[in-house]
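Asker: just a sequence and a predicted model for now, questions to come.
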Amino acid sequence: MFRQRFLIEARVACQCVHQNLIQTYEAGEIDGHYALVMEAPQGETLRTMLDRCSFTDELQALGIAWQIAHGMAFLHRFGIVHRDLKPDNIVVSNEGAVKLFDFGLARLTESKLPTQSDLGQTPLYMAPEQVRGDEASKQSDIYAFGVVLFHLLTREYPYKMAGQEDLYNAIVYRDPYLDPLYRRGLRNPQAAEVVKSCLQKDPAQRPQSFDQLESFLRQFAPPDQIANTAAMLRAMSLPPPVPGVGPKVFENARIVAAVEATRAIEAAKRKRQPKKPFPWIWVGSGAAALVLIGALGFAAWKWMPRGGAAGGTASAHTKARPLHGGSMTSVPAGQALIGRDKAVVQLSAFEIDRMEVSNREFLAYCDDTGYAIPFGAVDKDPELPVINVSIDDARKYAKWAGKRLPSAIEWEAAARGSDGRKFPWGEEPILERANVGNTGYLLRANSRGDGASPYGALNMIGNAWEWVEQPAPLTKEDFHRVKHLFQPPLDPNEPSFQIRGGSYMHYTNAQTFEELVWDFAAVPARTKRMDIGFRCAR
């Protein structure tokens, strides 16, 4: 019976050629063992990506969900019930495509041949009818999809349980715990209703097909957003840098080409939208830039604003400047204690942006000059820091604004104050004052006022890494590891620079948390990543 069922299902799997499915090429028997020859895309499972990257951007989640629904709709049209839909059985390829695999529990709906128990499925994603021992159906897959979408949007599960037996009882008898979904404050609240409908106890009350779900999700993840999700997924599939002894490297250059390809879409979308007034005042030539040792750059933000004080208390050093961009804070001339060992460095007075450059500010520059819009800047909250910018992008904005990028020494001095403190706010490692720890959220540029530096600069630690004007050569090992991630490939003579402060994607412990204020990571100048931004100085 097993051989007959295996060959029937394998033959059908070979006919399932779809962009969101792992391709099965051949099936047969080798030395008494049954074998499948399948596509092996380079990438990682969605589970691995979620555990490591902790992203929770709503549009990305809906774009991923649309790709899953697209693949499942195709399977169901072939009469195949997956039976084990979960993040572990979803691959995100290095090109950003979302593909379903592992149909070991899948079964043709019209097949009458015996199959293993549905209890082979992962309990967290089992539908109530499966827990009761009833036959799995297409509606069971829709229930599992609802759990996956809930997890994508919240990083939690819809049931609180003490163990597996309690989980089974919760699935069958208790209403799903949807509070995290509603607390999220979704920009598309209908997405919460999709999850709720998929998790109905009665299969007849759930959406009746993945075609229906696919069509519904497309409203919130239009074709250009779905295409762009692939680039963002690739960005998340590369681990962020970890400060330590000496420079470290991370890169997202595999998505550079994809990001470039989406710029025309972004620009077209921007042109279709009416321009909004931008509150800055131009005063002709402006003031001359001060000469000093280096400068400081920084970016702070999360995918969705959550927690932390907004804006904080304005420092006496902070003052608005009659130039492009946000307010700046003054750092007086004098001694600065720099590095692990607090080396004494004499600095000239300088000014640095109190907050990182926001999407709103960078888009004003793009509107004024016709410069290419960074990936995602149009659709994000305008007060989030701008990201996906190279150091050259940052320099050009700074020049337009009558400013420049800070040096590494200036950045650290602005973060630590004249007393060389361990953290911008003092000596205590208060994790809640910095957006680190792989949180998955970006914060607005004016957030976390309780974590401000002595000079009033916000988000100097965490939120987003920040470009600084400090060359940082790659090691030979790092260069060979990343050179082919770029298109065209990285050249040995290309420059690389420091980024400072860590980001919301940066995992930290007690030791590395303290190092963030003085350590750095080295990245090639062409790097554009979803957790690197900048701020200006002068």
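Answerer: Structure's in. What do you need? Numbering: from 1, shown residues only.
Asker: pretty sure F101 is touching N20, no?
Answerer: No: counting by CB atoms under 8 Å, F101 does not reach N20; the two are 10.3 Å apart. (C-beta placed from N, C-alpha, C; glycine too.)
Asker: how about the helices in the stretch 351-500 of the chain?
Answerer: With DSSP state H, counting those that start in this stretch as the criterion, the stretch 351-500 of the chain has helices at 359-369, 391-400, 408-416, 476-482.
Asker: could you export the ones you listed as TSV, including mean neighbour count?
Answerer: Listed next are these as TSV, based on neighbours: other CB atoms under 10 Å:
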stretch	mean neighbour count
helix 359-369	20
helix 391-400	20
helix 408-416	27
helix 476-482	15
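Asker: how many neighbours does Q511 have?
Answerer: 9 (other CB atoms under 10 Å).
Asker: could you do Y371 as well?
Answerer: 16.
Asker: return the residues in contact with it.
Answerer: 365, 393, 396-397 (CB atoms under 8 Å, 6 or more residues apart in numbering).
Asker: for the protein, give me the ranges with low pLDDT.
Answerer: Across the chain, residues meeting the criterion (pLDDT under 70) sit at 1-9, 11-12, 26-35, 53-56, 103-122, 162-164, 220-325, 438-440, 485, 507-508.
Asker: mind listing the strands for the stretch 351-500 of the chain?
Answerer: For the stretch 351-500 of the chain, strands defined by DSSP state E, counting those that start in this stretch occupy the ranges 465-471, 496-500.
Asker: dump those strands into a markdown table; add mean neighbour count and distance to T154 as well.
Answerer: Shown next, in a markdown table, are those (neighbours: other CB atoms under 10 Å; distance: least, CB to CB, whole Å):
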| stretch | mean neighbour count | distance to T154 |
| --- | --- | --- |
| strand 465-471 | 25 | 26 |
| strand 496-500 | 27 | 30 |
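Asker: longest helix of this structure, counting residues only.
Answerer: helix 58-77 (DSSP state H).
Asker: who are the packing partners of it?
Answerer: Helix 58-77 is packed against strand 98-100, helix 138-154, helix 210-218, helix 223-236, with contacts defined by 3 or more CB pairs under 8 Å, 6 or more residues apart in numbering; DSSP states H and E.
Asker: circling back: just send the helices of the stretch 351-500 of the chain back as TSV, with distance to I352 too.
Answerer: Shown next, in TSV, are these (distance: least, CB to CB, whole Å):
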stretch	distance to I352
helix 359-369	15
helix 391-400	11
helix 408-416	5
helix 476-482	29
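Asker: between those helices, which one is closest to I430.
Answerer: helix 408-416 (14.9 Å; CB to CB).
Asker: coming back round to it: of all the strands of the stretch 351-500 of the chain, which one is nearest F74?
Answerer: Proximity to F74 (CB to CB) singles out strand 465-471 among the strands of the stretch 351-500 of the chain, at 39.5 Å.
Asker: just checking: what are the partner strands of that closest one?
Answerer: Strands that pair with strand 465-471, judged by DSSP bridges, come out as strand 496-500 (antiparallel), strand 532-533 (parallel).
Asker: figure out how far the shortest one is from the centre of its chain.
Answerer: So that's strand 532-533. Between the centre of strand 532-533 and the centre of its chain there are 12 Å (CA atoms, centre = their mean, to the nearest Å).
Asker: please parse this structure into its domains.
Answerer: 2-227, 253-273+289-313+354-405+434-533 (automatic domain parsing).
Asker: looking at the ones you listed, spot the one closest to S330.
Answerer: domain 253-273+289-313+354-405+434-533 (7.1 Å).
Asker: got a list of what S358 touches?
Answerer: Counted by CB under 8 Å, 6+ apart, S358 has contacts 326, 382-386, 444-445.
Asker: just the closest of these to S209, please.
Answerer: Comparing every one of these with S209 (CB to CB), the shortest separation belongs to L384, at 36.3 Å.
Asker: so that closest one sits against N359, correct?
Answerer: Yes: under the criterion of CB under 8 Å, L384 makes contact with N359 at 5.6 Å.
Asker: in a helix, that's where V345 is, yeah?
Answerer: No: under DSSP: H, G, I helix; E, B strand; the rest coil, V345 sits outside any helix and is assigned strand.
Asker: so how far is A414 from it?
Answerer: V345 sits 13 Å away from A414, taking CB to CB, to the nearest Å as the criterion.
Asker: which among the contacts of S358 end up buried?
Answerer: Buried by 16 or more other CB atoms under 10 Å: 326, 382-386, 444-445, out of the contacts of S358.
Asker: so where do the strands sit in the stretch 1-150 of the chain?
Answerer: Using DSSP E, counting those that start in this stretch, strands in the stretch 1-150 of the chain cover 24-30, 33-38, 43-45, 80-81, 90-93, 98-100, 107-108.
Asker: just to revisit the earlier point, of all the strands paired with strand 465-471, which lies closest to E39?
Answerer: Of those, nearest to E39 by CB to CB is strand 532-533, at 32.8 Å.
Asker: still on that earlier bit, for the strands of the stretch 351-500 of the chain, which one sits closest to D531?
Answerer: strand 465-471 (5.9 Å).
Asker: the inter-axis angle of the closest one versus helix 391-400?
Answerer: Angle of strand 465-471 versus helix 391-400, following axes from the mean of the first three to the mean of the last three CA atoms, to 10 degrees, is 90 degrees.
Asker: let me see the contact set for L217.
Answerer: For L217, the contact set (CB under 8 Å, 6+ apart) comprises 62, 65-66, 69, 194.
Asker: ok, back up a step: pull the most distant pair out of the contacts of Y371.
Answerer: Maximum distance among these (CB to CB): 9.6 Å, for Y365 and D393.
Asker: now the end-to-end length of stretch 475-495.
Answerer: Stretch 475-495 has an end-to-end distance of 12 Å (criterion: CA to CA, to the nearest Å).
Asker: and what of stretch 80-95?
Answerer: Terminal residues of stretch 80-95 lie 27 Å apart, using CA to CA.
Asker: buried residues, it. List them.
Answerer: Neighbour count says stretch 80-95 has 80-87, 89-95 buried, by 16+ other CB under 10 Å.
Asker: ok, the spatially closest residue to P41 that is not a sequence neighbour - contacts?
Answerer: Distances taken as CB to CB, 6 or more residues apart in numbering place S93 nearest to P41, at 4.1 Å, with adjacent residues excluded. S93 is in contact with 41-43, 99, counting by CB under 8 Å, 6+ apart.
Asker: who wins for neighbours among those residues?
Answerer: K99 (22 neighbours).
Asker: okay but that residue is in contact with V17, surely?
Answerer: No: contact criterion CB under 8 Å: K99 and V17 do not qualify, at 11.9 Å.
Asker: now for the closest residue in space to Q15 that isn't next to it in sequence, how many residues are close by?
Answerer: Closest residue in space to Q15, ignoring its immediate chain neighbours: F78 at 7.2 Å, by CB to CB, 6+ apart. Residues lying near F78 (other CB under 10 Å) number 14.
Asker: thanks again, I'm all set now.
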